[in-house]
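Trainee: What shape does this take:
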Amino acid sequence: MKTVKSLLLGAAAGFVALTGAQAADLPGKAAPAEYVRICDTYGAGFFFIPGTDTCLRIGGYVRMDAYLTQTFAPGNNAYTTRTRLLLNFDARSNTEFGLLRAYGEFFVQRGPANNVLPFAVATGAGVTGQASAAYMSRAFIQFAGFTFGNSASFFNFYQGDVQFVASSGAAMDPSRNSTNLIAYTASFGSGFSATVSVEDPQFRRIGALTTTSVIAGVQTFTAPVAANGVIYNGNGIPDVVGNLRVDQGWGSAQVMAAFHEVRSTIGGVGRSSTGWAVGGGVRLNLDMLARGDVLWLQAVYTDGALAYAFTNDNSDGLVQTRQAVGTGLLTSTYADGVSNAAGTGIVKSKAWSIHGGFRHFWTPALRSAIWGKYVSVDAPGGAVAIVNNLNDFRFWQVGVNTIWSPVRNLDLGVEVVYQNLSSRNNLNGGVANGTTIGTQNAWSGMFRVQRNF
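Mentor: All right, here's what the predicted structure looks like:
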């Protein structure tokens, strides 16, 4: 009996040993799959990049625009369409120094290839066809209060937030009105902050344009003429921008200032002058009227830095006034400054502007907005009389829109814009849209379908 028991125990031990050996030869158990986890630290839409502590959000929109445009060039009325895809990426993580963030935004679009040139109508010439374009509109890093990269200028406050962009045919969004910069923002608590920003001046220069003409259907270019404004040479000093800002439940407010060097070659000698801009703005949340209602107001004064008065919201006036000629030539009608009569220095242009906008929600799915701007420019004459002169001009613009969102993240909207340009000077006696160069009017209308995600 003992012998039988010994044999049975030995067989069992051998079987266990054999089974263990076979199990050791089998492949190891697969690691559990790592699923994407939601990151709710920074708001909706963020998720953890697998294997990291970085939260990522991917967003953007698909948009189709159809618009009628009447420009300030003679007789230019155009129907145009454009389709755009915009994508943005927002990566964030917490560090011992605070938030580390990288943001990028770019878009591709398909639209007209300059289907009507502003100077072509004088000769009956034009360019037709479709073209694709791709742009990077944002790319910056934020860390420990610093911002590095391409971002909206810290001078900016109101940027056309309640209006359609490119309403009269310009191809750019306010989102593209950005600059390369290095900035530091100090937060003081309770929504108060201050920023100092060193920004690339190339994005804010307004100098004499290359003269462009079309003769017998051939486009030709002539070098900028000093009499039409400063001819900028290489960067000397960056723009320096500062602001004081508060963001609280009632809304936001900001005061801002900027330094801008007007650096030009005059008579073969480099000259420079100090340009500057100051401004202020307020944003009021009017939820007592309807949830989401808001009012924007902003005022700016500039001396030798006209872009700060115009491009906070990428004003079409910046484009239209430089094209407002009746002779078939595209010449600079104003600039940051011009050579003085002796040719020994720069006389700067001055400007002031007021912008405003109001948005109201009739229902959670239906909203309307009214907005406008007024810009006054006092541009001095130079050493030589400026042909097609528009210095000392006034430009104002008003628009209304209505947007319906039948479902979440889908916008169907229409916008109508009126703009007026008037000048004290009418040296060339040109005619545009049936009126003299000194007084012009233009209407624009747009229909938009946009799917946000």
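
Trainee: Relative to Ser252, how far out is Val338?
Mentor: For Val338, the distance to Ser252 (C-beta to C-beta, to the nearest Å) stands at 37 Å. Heads up, the C-betas are built off the backbone N, CA and C, glycines and all.

Trainee: out of those two, which sits in the more crowded spot?
Mentor: Val338 (30 against 17; other C-beta atoms under 10 Å).

Trainee: Quick check: which element contains that one?
Mentor: Following DSSP states H and E, the helix or strand that holds Val338 is strand 337-339.

Trainee: elements contacting the top strand by length along the chain?
Mentor: Of all segments of type strand in the chain, defined using DSSP state E, the longest is strand 77-95. Under the contact criterion of 3 or more C-beta pairs under 8 Å, 6 or more residues apart in numbering; DSSP states H and E, strand 77-95 touches strand 55-70, strand 98-112, strand 130-143.

Trainee: To Leu412, which of the ones you listed lies closest?
Mentor: strand 55-70 (10.5 Å; C-beta to C-beta).

Trainee: What mean pLDDT does that closest one get?
Mentor: Averaging pLDDT along strand 55-70 gives 89.

Trainee: Also stretch 80-91?
Mentor: 91.

Trainee: what do you get for stretch 405-417?
Mentor: On average, stretch 405-417 scores 94.

Trainee: Can you list the neighbours in contact with that stretch?
Mentor: 163-164, 167-168, 365-367, 397-404, 443-453 (C-beta atoms under 8 Å, 6 or more residues apart in numbering).

Trainee: Run through the strands of the stretch 151-300 of the chain in chain order.
Mentor: 178-189, 192-199, 211-215, 218-222, 239-248, 251-266, 269-285, 294-303 (DSSP state E, counting those that start in this stretch).

Trainee: What strands line up against the longest one, and which way round?
Mentor: Neighbouring strands of strand 269-285 in its sheet, by DSSP bridges, are strand 251-266 (antiparallel), strand 294-303 (antiparallel).

Trainee: Can I get those strands in TSV including mean pLDDT?
Mentor: Listed next are the strands paired with strand 269-285 as TSV, based on pLDDT from 0 to 100:
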stretch	mean pLDDT
strand 251-266	91
strand 294-303	95
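
Trainee: Nearest approach to Arg57 belongs to which of those strands?
Mentor: Per C-beta to C-beta, nearest to Arg57 of these: strand 251-266, 22.8 Å.

Trainee: Columns distance to Gly357 on top of the helices and strands packed on strand 77-95, output as JSON lines?
Mentor: Compiled in JSON lines, the helices and strands packed on strand 77-95 are given as follows (distance: least, C-beta to C-beta, whole Å):
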{"stretch": "strand 55-70", "distance to Gly357": "19"}
{"stretch": "strand 98-112", "distance to Gly357": "23"}
{"stretch": "strand 130-143", "distance to Gly357": "21"}
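
Trainee: between those strands, which gets nearest to Ile231?
Mentor: Per C-beta to C-beta, nearest to Ile231 of the helices and strands packed on strand 77-95: strand 130-143, 26.8 Å.

Trainee: Quick check: mean pLDDT of that closest one?
Mentor: On average, strand 130-143 scores 87.

Trainee: now the strands paired with strand 269-285 as CSV including distance to Lys373?
Mentor: Formatted as CSV, the strands paired with strand 269-285 follow (distance: least, C-beta to C-beta, whole Å):
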stretch, distance to Lys373
strand 251-266, 17
strand 294-303, 9
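
Trainee: Looking at those, which is nearest to Thr83?
Mentor: strand 294-303 (28.7 Å).

Trainee: quick one: contacts of that closest one?
Mentor: Contacts of strand 294-303 (C-beta under 8 Å, 6+ apart): 157-158, 161-162, 251, 275-286, 308-309, 312, 348, 350-359, 371.

Trainee: Following the chain past it, name the next helix or strand.
Mentor: Sequence order places helix 307-310 as the next helix or strand after strand 294-303, per DSSP H and E.

Trainee: circling back: so what secondary structure elements neighbour the strand holding Val338?
Mentor: By 3+ C-beta pairs under 8 Å, 6+ apart, strand 337-339 packs against strand 251-266, strand 346-348.

Trainee: Now the buried members of the contacts of stretch 405-417.
Mentor: 163-164, 167-168, 367, 397, 399, 401, 403, 444-446, 448, 450 (16 or more other C-beta atoms under 10 Å).

Trainee: Of those residues, which one scores lowest on pLDDT?
Mentor: Among the buried ones among the contacts of stretch 405-417, Ser168 has the lowest pLDDT, at 31.

Trainee: Could I have the PyMOL command that selects the buried members from the contacts of strand 294-303?
Mentor: Typed into PyMOL, the line below selects the buried ones among the contacts of strand 294-303, using 16+ other C-beta under 10 Å:
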select buried, resi 157+158+162+275+276+277+278+279+280+281+282+283+285+286+308+309+312+348+350+351+352+353+355+356+357+358+359+371
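
Trainee: Low-confidence bits of this protein, can you list those?
Mentor: Scanning the chain for pLDDT under 70 picks out 1-34, 70-78, 113-130, 165-177, 209-228, 267-268, 311-334, 341-343, 381-391, 423-440.

Trainee: ok, now which ones touch the nearest residue to Phe188 once chain neighbours are set aside?
Mentor: Excluding its sequence neighbours, the residue lying closest to Phe188 (C-beta to C-beta, 6 or more residues apart in numbering) is Ala194, at 7.4 Å. When contacts are counted by C-beta under 8 Å, 6+ apart, Ala194 is found next to Thr185, Ala186, Phe188, Gly242, Asn243, Leu244, Arg245.
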